[in-house]
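Provided below for reference: sequence and predicted model.
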Amino acid sequence: MTEVVVTKDKDSAPAADALVVLENVNKHFGPLHVLQDIDLTIARGEVVVVIGPSGSGKSTLCRTINRLETIDSGVIRIDGKPLPAEGRDLARLRAEVGMVFQSFNLFAHKTVLQNVALGQVKVRKVPRREAEEKARQLLDRVGVGNQADKYPAQLSGGQQQRVAIARALAMDPKVMLFDEPTSALDPEMINEVLEVMQQLARDGMTMVVVTHEMGFARSAANRVLFMADGRIVEQATPEQFFTAPKSDRAKDFLSKIL
Ligand code: ADP
Ligand code: MG
């Protein structure tokens with residue numbers, strides 16, 4: 001049996017610019033304690049890169065933030081509101097938290113334009129014409145405006161991932177989660193996706209990015225989180241983390257990837 005810790009709301013108000021707050025979050029998969037006492041506050045406009053060995057809980061952390069996974073205890077708040085358990089509020093929350101996965105997850109039988117317009121029409125009840133207009137603008141912004149009428153399979157992996165980013169942005173999310181967005185791409189396509197993400201970061205988007213791209217972490221991240229065994233073991237600025245990691249786990253990890 002697993003111990004369930006119930007966390008009471010703190011009396012003090014969160015910092016005014018705290019957009020994503022996790023307090024004492026715990027999650028198990030059966031006997032596996034996959035997230036252990038996670039405390040994390042992400043400020044509006046902050047770019048947080050999450051790194052760590054395979055199986056350390058990085059994807060699960062992202063998936064709990066947009067409620068693709070439930071948690072066993074603790075609190076997660078987006079912009080001051082606790083995550084809803086289910087129902088219509090959950091759909092609304094999902095719209096506020098954009099997610100981009102390693103596999104692009106585009107609808108194969110819809111055009112690129114439809115892929116980006118669809119969520120606005122279905123969830124936000126935006127008129128189709130307006131949704132398509134916005135979709136075209138977003139496709140331009142990620143550099144694939146000329147691919148709007150094609151189907152996903154006709155695009156390269158890098159182009160598809162940029163469409164996936166445009167699709168997430170179409171919902172006007174408050175925060176964007178990226179779970180290894182370039183890991184499935186051929187090497188020559190990685191930069192075109194990272195550049196779109198860099199631009200988003202410069203535009204002030206709040207971002208959580210799980211990635212092994214240390215160049216991106218160095219140049220775009222305000223903060224690096226290092227996870228191991230379901231815990232945030234270390235967090236620092238990229239400069240501090242890459243030049244002087246403190247924990248043995250982080251030193252070991254960096255020695256293998258750098
Ligand atoms: P990471 O993204 O850091 O590689 P994950 O969050 O995907 O790690 O997984 C953390 C651990 O949880 C791994 O041991 C993984 O096998 C396990 N896990 C992930 N998803 C599930 C699931 N749906 N059911 C059972 N175990 C899972
Ligand atoms: Mg993962």
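Looks like it came in fine. Residues are numbered from 1 along each chain as shown. Ligands and ions are numbered 1, 2, ... in the order given.

and ligand 1, is stretch 28-42 touching that?
Yes - using Cβ under 6 Å from any ligand atom, stretch 28-42 reaches ligand 1 at 29, 32, 34. C-beta here means a position set from N, CA and C on the backbone, and glycine is covered the same way.

and the residue most central in space within the chain, what's its pLDDT?
The chain has residue 177 as the residue nearest its centroid, 1.0 Å off, counting by Cα atoms, centre = their mean. At residue 177, the model reports a pLDDT of 98.

wait, it sits on residue 100?
Yes - the criterion here is Cβ atoms under 8 Å, and residue 177 meets it with residue 100 at 7.2 Å.

distance of the closest residue to residue 176 other than its chain neighbours relative to residue 45?
Distances taken as Cβ to Cβ, 6 or more residues apart in numbering put residue 98 closest to residue 176, at 4.4 Å, once the chain neighbours are dropped. Distance from residue 98 to residue 45, counting by Cβ to Cβ, to the nearest Å: 15 Å.

more neighbours, these two?
residue 98 (24 against 14; other Cβ atoms under 10 Å).

the host helix or strand of residue 178 pairs with which strands, and in what direction?
Here residue 178 sits within strand 175-179, counting by DSSP states H and E. Using DSSP bridges, strand 175-179 pairs in its sheet with strand 97-100 (parallel), strand 206-210 (parallel).

nearest to ligand 1, out of those strands?
Nearest of the strands paired with strand 175-179 to ligand 1, taken as Cβ to the nearest ligand atom: strand 206-210 at 6.6 Å.

what residues sit buried inside the helix or strand following the closest one?
Heading C-terminal from strand 206-210, the first helix or strand you meet, by DSSP H and E, is helix 214-220. Using 16 or more other Cβ atoms under 10 Å as the test for burial, helix 214-220 gives 214, 216, 217, 220.

may I have helix 214-220 exported as CSV, CA atoms only?
Listed next in CSV are the C-alpha coordinates belonging to helix 214-220 (Å, rounded to 0.1, in the frame of the first residue of the first chain):
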residue,chain,number,x,y,z
MET,A,214,21.5,21.1,-24.2
GLY,A,215,22.2,23.9,-26.6
PHE,A,216,18.5,24.8,-26.4
ALA,A,217,18.7,24.6,-22.6
ARG,A,218,21.7,26.9,-22.4
SER,A,219,20.3,29.5,-24.7
ALA,A,220,16.5,29.5,-23.9
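
elements contacting it?
strand 47-51, helix 187-202, strand 206-210, helix 238-243 (3 or more Cβ pairs under 8 Å, 6 or more residues apart in numbering; DSSP states H and E).

and the longest one, what does it pack against?
In this case it means helix 187-202. Partner elements for helix 187-202 (3+ Cβ pairs under 8 Å, 6+ apart): helix 157-169, strand 206-210, helix 214-220.
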